[in-house]
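Colleague: Show me how the following folds:
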Amino acid sequence: QVQLVESGGGLVQAGGSLRLSCTASGRTFSIYAMGWFRQAPGEEREFVASINSSGGTTVYAEFVKGRFTISRDNAKNTMFLQMNSLKPEDTALYYCARARQGYSTSTRTSGYEYWGQGTQVTVSS
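Modeller: Predicted coordinates for the structure are as follows:
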């Protein structure tokens, strides 16, 4: 069983920055793509960004392009999401997820097998 633990969320003013981390258990982190999703109250979970196993390919949702950067450190079993120029509409519970075997940089929740519990990001105006 894989466990994913997110951290780094918090309250920040509009225009500020946060860096989310996702640490995975086990020894297979480096062979799977990973992703970040978010869910605001009353909304469906939506794709934010994904990264392939080596970190050489990244995909972003249009609404975060130029503001967020996804990265990973396979030696530390950790994935990151650097979030800059935050907006109030970025407020949500942010989840990290590990892709299913054979999937790479999927933008759909169905492409992911394991999920963390989420970390809350709140951006005040």
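
Colleague: what's the burial count for residue 108?
Modeller: A count of neighbours around residue 108, defined by other C-beta atoms under 10 Å, yields 11. In short, each C-beta sits where N, CA and C put it, glycine included.

Colleague: count of neighbours near the nearest residue to it once chain neighbours are set aside?
Modeller: Sequence neighbours aside, residue 47 is the residue nearest to residue 108 in space, at 7.1 Å (criterion: C-beta to C-beta, 6 or more residues apart in numbering). Summarising burial for residue 47: neighbours were counted as other C-beta under 10 Å, giving 20.

Colleague: Contact partners for residue 47?
Modeller: Counting by C-beta atoms under 8 Å, 6 or more residues apart in numbering, residue 47 makes contact with 35, 37, 61, 107-109.

Colleague: Could you list which of the residues you listed belong to strands?
Modeller: Secondary structure of the contacts of residue 47 is defined by DSSP state E; positions in strands are 35, 37.

Colleague: Noted, bye for now.
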